[in-house]
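Trainee: Here's a sequence, model it:
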Amino acid sequence: MNSNPEAKDLPCFFAFFAKEHKDSDLLKHIEICRVGKWRIVSAIAATKRITEMAKYFSELTQYLDSMERYSLCEGHYNRIVAKKSFIDQLKEKVDPILLSLEEPEKKRLKFSNDDVEPQVP
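Mentor: Sure thing, here's the model as predicted:
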């Protein structure tokens, strides 16, 4: 006997998140969380998109290890996983300078014949 709950019996992963971000486009889909097809959040495609979203919303990282407790309603799945339009909007709005802070530039040490100490350019 399978003890795992069905996707439709689990809360939508983004319902709580959208309530915390009231000015977000994700709120549009809360009212339709009760209708349509439900999907398990821990599926590969959903996990990939949510992990990508966590780059923009750090509070999502605390849920990455417990995604089996959530599902995705059809509206949130289509918007974030299938079409990824929400993530594309985030990429357009985020300052490229902030993104560059995520991956620090690796600098090489330079030595000259006159220098005892290495110098970072």
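Trainee: Against residue 62, how distant is the nearest residue to residue 37 once chain neighbours are set aside?
Mentor: Spatial nearest neighbour of residue 37, excluding adjacent residues (Cβ to Cβ, 6 or more residues apart in numbering): residue 74 at 4.9 Å. For glycine as for every other residue, the C-beta is placed from the backbone atoms N, C-alpha and C. Distance of residue 74 to residue 62, given as Cβ to Cβ, to the nearest Å: 25 Å.
Trainee: Which one's more surrounded, these two?
Mentor: Using other Cβ atoms under 10 Å as the criterion, residue 74 and residue 62 rank with residue 74 on top: 17 against 9.
Trainee: dump the residue contacts of the more buried one.
Mentor: Shown in contact with residue 74 (Cβ atoms under 8 Å, 6 or more residues apart in numbering): 32, 35, 36, 37, 38, 39.
Trainee: closest to residue 85 among these?
Mentor: Comparing the contacts of residue 74 against residue 85 with Cβ to Cβ places residue 32 closest, at 16.0 Å.
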